[in-house]
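> With the sequence up front, the predicted model follows.
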Amino acid sequence: MKFTKIVCLMMGALTLSACQQESSINELCADTIHDYARLRDNPETSEAYAALFTEDGTFTLAGQVTAGREALAARHRIANESAVWRHNMIDVEITDTVGKLSGQTRFIVQTGPRGQRPGPVTREIVGSYSDIFEITGDKCLIKSRVVSIDFDTHTEVRKD
């Protein structure tokens, strides 16, 4: 987002309107990313979580594709039954190129057992989301999200 603002300032007043529009679209999509974390972590928001995606939106993790809002809401419910999740979004970058609005977001996720407050963190995941967005009315929706995992304490062999 900072890069966009610098380029817009350097281009001058004639392109100010276009730059402001691009900046507001970028901010709208960044808000979607942050809403994703908040809604994903709440076990009572499956439908609102799924509404962050387009009707035919996809979520791909480890080669498995979940497609459509109904399937996304079901995935949300199942994941939240077994654990408490905390998604932390960092390094959000939105790119608006001709015909394609995309994003790269790094994340850190911590999980723990449901029912314990405060509970221990039993798993930590570090990775990134590669998103394709679609502007629908006044919303930036996720058309496609592909998850790449860099580290996952659940799958790594620990030598404690």
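Alright, I've got the coordinates.
> contacts for stretch 27-47?
1, 48-49, 52, 73-74, 76-77, 80-81, 84-89, 92, 94, 101, 103, 105, 107, 129, 131, 133, 135, 138-142 (C-beta atoms under 8 Å, 6 or more residues apart in numbering). The C-beta positions use only the backbone N, C-alpha and C, and glycine is treated the same way.
> what about that stretch, average pLDDT?
For stretch 27-47, mean pLDDT is 97.
> And stretch 75-86, by the same measure?
So the average pLDDT for stretch 75-86 ends up being 94.
> With stretch 117-131 instead?
On average, stretch 117-131 scores 93.
> what ranges do the strands span in the chain?
53-61, 64-67, 83-97, 100-113, 123-136, 139-152 (DSSP state E).
> Neighbouring strands of the fifth one in the sheet, and parallel or not?
Which is strand 123-136. strand 100-113 (antiparallel), strand 139-152 (antiparallel) (DSSP bridges).
> Flag every buried residue along the last one.
Neighbour counts using 16 or more other C-beta atoms under 10 Å place Cys140, Leu141, Ile142, Lys143, Ser144, Arg145 of strand 139-152 among the buried residues.
> I'd like the distance between Thr66 and Thr60.
Look at Thr66 and Thr60: by C-beta to C-beta, to the nearest Å, they are 8 Å apart.
> Also Gln116?
31 Å.
> now swap in Ile94 and tell me
19 Å.
> quick one: which of those two has more around it?
Per other C-beta atoms under 10 Å, whichever of Ile94 and Thr60 has more neighbours is Ile94, with 24 against 15.
> So the more buried one sits against Gly103, correct?
Yes: contact criterion C-beta atoms under 8 Å: Ile94 and Gly103 qualify, at 4.8 Å.
> residue closest to the middle of the protein?
Ile33 (4.2 Å; C-alpha atoms, centre = their mean).
> Ser130 is in contact with Ser102, correct?
Yes: counting by C-beta under 8 Å, Ser102 touches Ser130, with 7.3 Å between them.
> picking up where we left off before, export the strands of the chain to CSV and tack on distance to Arg38?
Output for the strands of the chain, formatted as CSV (distance: least, C-beta to C-beta, whole Å):
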stretch, distance to Arg38
strand 53-61, 15
strand 64-67, 20
strand 83-97, 8
strand 100-113, 13
strand 123-136, 15
strand 139-152, 14
